[in-house]
Structure formats: C-alpha cells, structure tokens
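Q: here's a sequence, model it:
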Amino acid sequence: MATEDDDPIIQEIDVHLATSLAEKLYLFQYPVRPATMKYNDVTHLSARIKPKQQKVEVEMAIDTLSPNYCRSKGEQIALNVDGTSTDDSGSTYTTKHMDKQVFSSIQSVVNTSRFAAAIYRKGELHVTPLHGMLQMRPSFSYLDKADAKHREREAANEAGDSSQDEAEDDVKQITVRFSRPESEQARQRRIQSYEFLQKKQAEEPWHYLHYCGVKDSRSEHERQYLFSQLAGMVETSELTKSPSEYLSMLMPPVEEEELKVPLAPSNVLSMTQLRTLPLADQVRTLMKNVKVVQFANLMGLLGSGVDPTAVLRCIQQVAMLVQGCWLVKSDVLYPKDTCSPHSGVAAEVLCRGRDFVMWKFTQDLWVIRKEVAAVIKLPPEDVKDFLEQMAVPRVNKGWEFLLPHDSKFVKKHPDVVQRQHMLWMGIQAKLEKVYSLSKEDMMPKKRDPQPAVPVVLSGERRVSVAKERARENHASLENDHRRRRPGAGAEPQTSGNSLLAIKIKEEPLSEDEPMDTWLGRRAANGIHSDESSRDSVDERLAARSQGDQAKQVSAELRAFIFGTLRKHYVLSLSELKRLFNLHLASLPPGHILFSGISDRMLQEIVLDCGCKQILVPFPPQTTASADEQKIFALWEAGDAFDQHRQILLEIFSKNYRVRRNVIQSKLCQDVGDNLSKPDVDKVLKDCCASHGGMWYLKGTLPS
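A: Model prediction:
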C-alpha cells in the first residue's frame with residue numbers, strides 16, 4: 001500500500017473566487033478560423049448585444065488592399081445589396097465595394113455553471129464564473145438584402161409595364177373575413193411556433209458597445225476585475241472552526257427519519273385526510289369524486305357529528321338537485337380557462353352541454369344519447385363522458401339515471417326543492433336561448449309504457465283486499481262526511497261495527513274469463529297535474545291574502561320589483577321572471593317568497609309599483625313568446641329624466657324600432673332645444689338597445 005511519502009506535496013496554491021465580472025464575462029470562440037490567426041489586429045468597426053438572448057454581433061473591416069481580395073467580386077456584391085442609389089444613408093457598403101463583414105453569435109453551451117475563466121498571479125489562482133460561451137460565425141444577412149432588392153426591382157418593372165395603358169385603377173372586390181376566437185390549444189401552438197419565437201427575439205432592443213483593443217488602457221483596467229478583491233485582506237488558510245465543529249460538518253449526526261404517509265394515487269381519496277379539511281372543502285372534494293350522491297349517503301361519508309344544515313348549505317354551492325339526488329355542478333368539474341381532455345373544447349362550451357344533460361334528467365329518468373348530441377353538438381367522447389358521470393346505459397332503452405329518486409329528501413326539505421326548481425327554471429331559460437329551442441322541445445316526452453304482466457286474482461282475494469282498503473280509508477271518509485254534513489258540530493255516532501256495514505258487490509266468475517286486475521293502471525285520485533297544482537297554489541295564495549303573511553309576501557315582492565325596475569327601467573315579463581328566479585335562488589331556505597308566486601300576481605304588483613305596460617307593435621313574423629311581448633316600464637323614477645323617458649316610451653308604443661335622429665328630434669320638440677347629447681345618451685341607455693343602426697326597447701331586440 002502506497003504511503004504519503006511516495007506522493008509528496010510539491011506546492012500549495014490558493015484559489016480565490018472573483019465575482020466582479022460574474023454577470024458580464026463572455027467567452028468568444030471562432031470555430032471557422034484557426035487559433036493562430038487571431039482578430040487582435042483587425043479593425044473592429046462596431047459591436048452590439050442583446051443581453052437576455054446572449055446574442056452578439058461584431059462588425060470587422062476587410063483588408064481590401066490584400067492580394068487575396070477580389071475587387072470586382074466585392075463591387076458586384078455591394079451593387080447587389082445597395083443597388084445604384086447615390087444615397088449613402090441607408091447603404092450597407094458606403095465605399096461601393098464589400099469592405100466589412102459581420103460576425104454573429106450562437107450559444108455553444110446553455111448551462112455555463114461548470115465553466116470559469118482563471119488567471120494565475122503570484123502563486124494565487126483567481127477564478128471568475130462565465131456568464132456565457134458564444135461561437136462567432138460570419139453572418140450572410142447581406143445576401144438576404146440582395147434578394148429583397150432583386151424582388152423589389154422585378155415587382156417595380158412588372159407594375160410599370162402593366163400600368164402604362166391604364167387610365168385609372170380597376171375596382172376590385174375585397175372579401176372581409178373575421179377571425180375566430182383563438183382556443184387555448186391553438187394559442188399554445190402559436191406560442192411554440194418558429195414565427196412567434198422569431199418575433200419575440202426581434203422585440204428585444206440592441207445595446208450598442210464600444211470595442212477596446214487588447215492593449216488598450218481601458219482593457220487593462222477591466223482585466224483587474226478578474227482578480228479577487230478580497231485577496232490578501234483576510235487570512236483564509238487557517239481553519240476558523242474547532243475540531244469538533246469541523247468533524248460535525250464532515251459527518252453530520254443521523255437524524256431520525258419522520259414517518260411519512262405514502263402518497264395515494266390521484267384517483268384515490270383518503271377519508272382520514274379528507275376529514276382534516278373544512279366542511280365546505282370536504283363536500284366539494286367528495287362531490288368531485290362521486291359526481292352524484294343521495295343526501296343520506298353523503299352524511300354517512302362525512303361521519304357522525306356533522307350538522308346536516310351546514311352540509312345542506314355547503315352542497316348547494318357545488319351541486320344541483322336532480323331526481324332528489326345531488327349532482328355536481330359543471331363549473332366545478334370544468335373550471336374556467338380549461339378545456340376538454342378528449343377534444344380540447346373550451347370549458348364554457350362543456351358546461352353548457354353538461355347543464356343540458358343534467359336538465360334532461362330533471363324531466364325524466366331516461367335520456368337518449370342521440371337526442372342530446374343533436375342539440376349540444378359536442379364530440380361523441382364528451383357526450384359519453386357527461387352521461388357516464390350521472391347515468392348507466394340500458395340496452396334498447398337509452399341512459400337511465402344512476403340513482404333512484406330520493407323521495408325522502410324531497411318530502412323532508414321542500415324549501416330546498418323549491419329553491420332548486422327556481423334555479424333550474426333560470427338554467428332552462430338560458431338553454432332555450434343558447435340552443436334556440438322551442439317550448440315543445442323543452443317539454444318532457446312521454447315514454448311508451450312498458451307492458452306489465454296481468455295478474456289473475458281469485459274473487460275471494462279481491463273481496464279481502466277491498467275490505468282492507470275500506471278499513472284503511474274509513475277514518476278519512478268519516479272526516480270528509482263530517483265536514484260536508486250540515487251541523488258538523490254534532491258528534492257522529494260511530495261504532496266498531498260500522499265497517500261491517502260496507503257491502504262489496506260480489507259477482508260470479510267464469511272459468512274462461514279471468515278477472516281484470518291490470519296492476520300497471522294507476523288511479524287518478526290523489527294525483528295532481530301541473531295545471532291543478534298551479535291552481536291550488538293560486539287558491540292558497542288568495543286565501544292567505546287577508547292575513548299578515550300575504551301582506552308580507554306582497555311587501556317583499558313589491559320591494560324586489562321596484563328595486564329591479566329602478567335598475568333596468570324596462571323589462572319584459574320573461575326577463576322579470578328570470579331575475580325573480582335568480583333572486584329566489586339567493587334567498588335562504590324557508591323564505592316567505594317560496595310560498596309560490598303566480599304570473600298574474602307578479603304582473604299585478606308590477607302595475608301597482610307605478611309601472612306601465614308598453615304595447616310595442618311587434619312585427620307579424622316575430623318569434624318572441626307571449627311573455628317576451630309583455631313589456632313593462634317604470635313610468636316615474638323620481639329624477640329629472642322622467643319626462644324624457646315617458647316621451648321615449650310613447651314613441652315605442654307606436655313603433656317597433658326607431659332611428660336615433662327621430663328620437664332626438666321628438667325629445668327636442670317636446671322638451672326643448674337645450675337638450676344635450678349626454679342627456680339623450682342616458683335616456684337611450686336606460687330604456688333601449690341598439691342593433692344595426694336602429695334602436696329597440698329593452699327586451700324586444702330580436703335574438
């Protein structure tokens with residue numbers, strides 16, 4: 001084994017780190033020229049740099065008196081580049097021959113952290129990190145200028161020949177095209193393109209430099225910065241640490257490794273980690289993972305001790321009620337500025353399409369994929385993704401909603417159900433406009449009833465079933481009879497044998513003819529249609545109109561309508577109902593306005609608030625619905641522009657659309673000539689909307 005005496009230390013050299021030029025020191029390499037032929041004696045005409053790109057250009061003179069220089073070729077190159085122009089201001093070669101060349105740089109090494117420039121002096125080695133390493137190569141950009149000049153001369157000659165016999169320019173048809181909005185995927189491709197990178201590089205300005213020779217005094221001064229300024233000031237050869245500290249630095253003590261919880265896959269949710277989050281984040285995370293869930297199951301996932309009211313408040317922020325179950329909102333799955341992982345469609349378009357699928361499941365438990373795809377017009381992968389989140393396919397039937405209807409939640413929380421219904425009405429109105437759907441398209445389609453197997457029951461079985469039903473309905477029948485009978489205050493005499501007095505007609509059965517017991521048939525008793533439910537709501541509201549609750553409902557509704565019309569001045573009944581549904585969605589559960597408001601009551605209170613209905617003469621070919629043709633305007637707002645707005649509304653009661661000059665002349669005629677342009681603009685902005693050079697009353701503008 002070799003000992004230290006076999007390899008003695010000959011000399012010790014101190015190494016110093018100089019940082020004065022660390023951010024400015026570049027190493028230039030000339031790969032097309034041998035090392036023996038340096039450029040130290042060549043005249044440097046100019047130099048410039050782009051610091052961010054580390055791009056350098058150096059302009060050097062060419063020795064035109066050298067025997068190796070071809071003068072005729074140099075003159076030809078200058079003629080091709082600058083042409084025959086006598087103006088020397090924009091010329092590349094002012095001497096009419098090629099007397100200089102440009103060296104342009106490219107980066108030879110991107111990461112220069114391993115490279116440094118060193119200088120040895122007086123037994124010390126001073127090292128300075130390099131900021132960049134560049135290779136200088138001749139630039140032939142003058143050839144591009146020559147080609148551009150040649151094309152310009154050819155274009156000028158062709159234009160001159162074609163325009164000799166023309167007295168005037170021909171009129172040409174120009175097609176104007178508007179570019180589509182750029183998608184995120186197209187934007188990424190554009191940013192990574194060569195043209196975009198060239199444009200970004202050209203945007204950085206050049207910084208012009210002054211070249212100093214190797215033997216110049218300024219160069220000698222800058223060369224001193226290659227030496228460390230701290231050399232000789234502090235004795236660095238001795239250790240300032242104690243032996244124990246130095247030993248601990250060489251061998252740090254072993255620290256006990258903390259037990260780290262292994263990371264779960266991205267698609268696996270840890271319930272232990274979940275319960276450390278706030279309740280709102282727990283609900284949001286669960287809904288993003290399960291997509292659709294019943295409220296009882298959600299409470300089971302959150303654990304015991306969680307307040308159901310707080311959970312109900314949180315889930316309404318991230319989910320919508322569909323078939324009594326909670327389905328995660330589209331904007332939670334597809335946030336803004338994202339796109340589809342399948343087709344690259346923007347998140348806004350995906351949210352509209354998924355909202356339509358969710359709304360279809362609010363109308364029926366079954367959805368046909370082709371019908372949905374025909375409306376939302378999205379790629380098949382996205383449509384299938386929507387349906388797989390909330391439904392399962394059934395052969396020859398379509399897609400069935402994933403969970404059964406949660407009737408327990410619907411009965412227990414009617415205020416939440418009513419609020420969600422108002423939200424869905426607002427979404428339905430939005431979908432009608434976006435997809436241009438008619439009222440018939442938005443109505444739920446009746447499915448063909450599935451044939452049920454008839455069940456044959458014996459006569460004795462039917463008699464026993466009828467007796468059981470009679471016993472169950474006896475109490476309700478007695479109560480109805482007591483209410484209808486005059487003198488209901490008297491107590492009727494009832495006995496336990498009263499049920500036995502009920503006679504059930506028994507008919508003999510034929511052996512050939514089975515009894516009709518079609519179990520799929522439903523009795524109409526107790527089932528309310530939409531029309532009857534609306535009528536019952538109106539009857540209950542009219543019955544409560546004499547009490548305090550009706551007054552409170554009227555006051556709340558009046559305050560909302562007056563505040564809304566003070567903001568918009570003119571609204572159609574359709575838009576007013578949409579704003580009212582949004583207002584209901586923002587109210588807390590159990591608010592008094594959830595008691596039910598009919599269209600008739602809404603219109604009556606609008607007229608009681610000092611508004612008037614403007615009978616706008618819609619054109620015969622209009623596609624506006626009946627609610628969209630009912631226009632209400634605030635007649636008196638209590639400001640200085642009441643008279644102006646009233647004149648404007650009278651104009652639109654006779655015209656469907658009007659030009660601005662007609663409105664302005666009418667206002668000046670009735671109000672006075674001192675009416676200013678800002679006043680007219682304010683009145684028009686309050687009540688009207690402009691399209692195609694014409695002004696329409698708000699709510700009447702054709703879509």
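Q: now do the phi/psi pair for Ser330.
A: Main-chain torsions, Ser330, degrees, to the nearest 10: phi -70, psi -40.
Q: just checking, it touches Arg354?
A: Yes: using Cβ atoms under 8 Å, Ser330 is in contact with Arg354, at 4.2 Å. Heads up, the C-betas are built off the backbone N, CA and C, glycines and all.
Q: of these two, who's got more company?
A: Neighbours per residue, other Cβ atoms under 10 Å: of Ser330 and Arg354, the larger number sits with Arg354, 26 against 21.
Q: what about the particular helix or strand that has the more buried one in it, distance to the chain center?
A: Secondary-structure assignment from DSSP states H and E places Arg354 in helix 347-363. Taking Cα atoms, centre = their mean, to the nearest Å, the mean C-alpha location of helix 347-363 is offset from the chain mean by 15 Å.
Q: other SSEs contacting that helix?
A: On a contact count with 3 or more Cβ pairs under 8 Å, 6 or more residues apart in numbering; DSSP states H and E, helix 347-363 meets strand 319-322, helix 330-333, strand 366-367, helix 369-376, helix 380-390, helix 414-434.
Q: helix or strand right after the first one?
A: Pointing back at strand 319-322 there. Next helix or strand after strand 319-322 toward the C-terminus (DSSP H and E): strand 325-328.
Q: any low-confidence regions in the stretch 201-350 of the chain?
A: 230-239, 254-269 (pLDDT under 70).
Q: again, but for the stretch 1-150 of the chain
A: In the stretch 1-150 of the chain, residues with pLDDT under 70: 1-5, 86-90.
Q: try 50
A: Within the stretch 1-150 of the chain, the stretches with pLDDT under 50 are 1.
Q: quick one: the helices in it?
A: Taking DSSP state H, counting those that start in this stretch as the criterion, the stretch 1-150 of the chain carries its helices at 71-82, 141-162.
Q: can you lay out those as a markdown table showing mean neighbour count?
A: Formatted as a markdown table, the helices of the stretch 1-150 of the chain follow (neighbours: other Cβ atoms under 10 Å):
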| stretch | mean neighbour count |
| --- | --- |
| helix 71-82 | 16 |
| helix 141-162 | 12 |
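Q: possible to save these as JSON lines with distance to Gln363?
A: JSON lines is the format used below for the helices of the stretch 1-150 of the chain (distance: least, Cβ to Cβ, whole Å):
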{"stretch": "helix 71-82", "distance to Gln363": "75"}
{"stretch": "helix 141-162", "distance to Gln363": "66"}
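Q: now do the same end-to-end measure for stretch 402-413.
A: With Cα to Cα, to the nearest Å as the measure, stretch 402-413 spans 22 Å from end to end.
Q: host element of the closest residue to Ile597 other than its chain neighbours?
A: Residue nearest to Ile597 in three dimensions, not counting chain neighbours: Leu557, with 6.5 Å by Cβ to Cβ, 6 or more residues apart in numbering. When elements are assigned from DSSP H and E, Leu557 belongs to helix 548-568.
Q: show me what the helix or strand following that helix packs onto, helices and strands only.
A: Moving toward the C-terminus from helix 548-568, the next helix or strand (DSSP H and E) is strand 570-572. Under the contact criterion of 3+ Cβ pairs under 8 Å, 6+ apart, strand 570-572 touches helix 626-629, strand 631-634.
Q: save those as TSV, and put in distance to Ala296 too.
A: Below are the helices and strands packed on strand 570-572 laid out as TSV (distance: least, Cβ to Cβ, whole Å):
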stretch	distance to Ala296
helix 626-629	39
strand 631-634	44
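Q: quick one: contacts for Val372?
A: Phe356, Val357, Lys360, Val383, Phe386, Leu387 (Cβ atoms under 8 Å, 6 or more residues apart in numbering).
Q: so what's Asp82 closest to, chain neighbours aside?
A: In space, Asp82 is closest to Ser91, 4.3 Å off (Cβ to Cβ, 6+ apart).
Q: now do Ala61
A: Among residues not flanking Ala61 along the chain, Thr43 sits closest, at 4.1 Å (Cβ to Cβ, 6+ apart).
Q: and Ala637, by the same measure?
A: Nearest non-adjacent residue to Ala637, counting by Cβ to Cβ, 6+ apart: Arg566, 6.3 Å away.
Q: would you agree that neighbour is in contact with Leu634?
A: Yes: with contact defined as Cβ under 8 Å, Arg566 reaches Leu634; the gap is 6.7 Å.
Q: more crowded one of those two?
A: Each of Arg566 and Leu634 has its neighbours counted (other Cβ under 10 Å); Leu634 has more, 26 against 13.
Q: look up how far Gln643 lies from the more buried one.
A: Applying Cβ to Cβ, to the nearest Å, the value for Leu634 to Gln643 is 13 Å.
Q: also Ile561?
A: Between Ile561 and Gln643 the computed distance is 23 Å (Cβ to Cβ).
Q: more neighbours: those two, which one.
A: Ile561 (24 against 13).
Q: show the contacting residues for that one.
A: Contacts for Ile561 (Cβ under 8 Å, 6+ apart) come out as Leu576, Leu602, Ile605, Val606, Cys609, Cys611.
Q: measure how the longest strand seen in the chain sits relative to helix 141-162, angle-wise.
A: In the chain, with assignment by DSSP state E, the single longest strand is strand 100-109. Computed with axes from the mean of the first three to the mean of the last three Cα atoms, to 10 degrees, the direction of strand 100-109 lies at 120 degrees from that of helix 141-162.
Q: coming back round to it: do I have it right that the residue nearest to Ile597 meets Leu602?
A: Yes: contact status for Leu557 versus Leu602: in contact at 7.3 Å, counting by Cβ under 8 Å.
Q: let me know the pLDDT of Ile502.
A: For Ile502, the model assigns a pLDDT of 40.
Q: list the buried residues in the helix holding Leu557.
A: By neighbour count on 16 or more other Cβ atoms under 10 Å, the buried set for helix 548-568 is Ala550, Val553, Glu556, Leu557, Phe560, Ile561, Phe562, Thr564, Leu565, His568.
Q: now the residues you listed in TSV, with distance to Ser340?
A: Conversion of the buried residues of helix 548-568 to TSV gives the following (distance: Cβ to Cβ, whole Å):
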residue	distance to Ser340
Ala550	50
Val553	45
Glu556	43
Leu557	42
Phe560	39
Ile561	41
Phe562	44
Thr564	37
Leu565	41
His568	36
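Q: let's have those residues in a markdown table, adding pLDDT and distance to Ala689.
A: Shown next, in a markdown table, are these (pLDDT from 0 to 100; distance: Cβ to Cβ, whole Å):
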| residue | pLDDT | distance to Ala689 |
| --- | --- | --- |
| Ala550 | 75 | 37 |
| Val553 | 81 | 33 |
| Glu556 | 84 | 30 |
| Leu557 | 84 | 27 |
| Phe560 | 87 | 23 |
| Ile561 | 86 | 21 |
| Phe562 | 84 | 22 |
| Thr564 | 88 | 17 |
| Leu565 | 84 | 16 |
| His568 | 85 | 11 |
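Q: ok, residues contacting the longest strand of the chain?
A: Applying Cβ under 8 Å, 6+ apart, the contact partners of strand 100-109 are 28-30, 45, 54-62, 93, 115, 132-139, 141-142.
Q: what about the contacts of Ile561, which one has the most neighbours?
A: Using other Cβ under 10 Å as the neighbour test, those are led by Val606, with 25 neighbours.
Q: what helix or strand is that one on?
A: Element membership of Val606, judged by DSSP H and E, is helix 599-608.
Q: name the helices or strands packed onto that helix?
A: Where contact means 3+ Cβ pairs under 8 Å, 6+ apart, helix 599-608 is packed against helix 530-543, helix 548-568, helix 573-585, strand 631-634.
Q: using TSV, lay out those together with distance to Val102.
A: TSV is the format used below for the helices and strands packed on helix 599-608 (distance: least, Cβ to Cβ, whole Å):
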stretch	distance to Val102
helix 530-543	83
helix 548-568	66
helix 573-585	67
strand 631-634	73
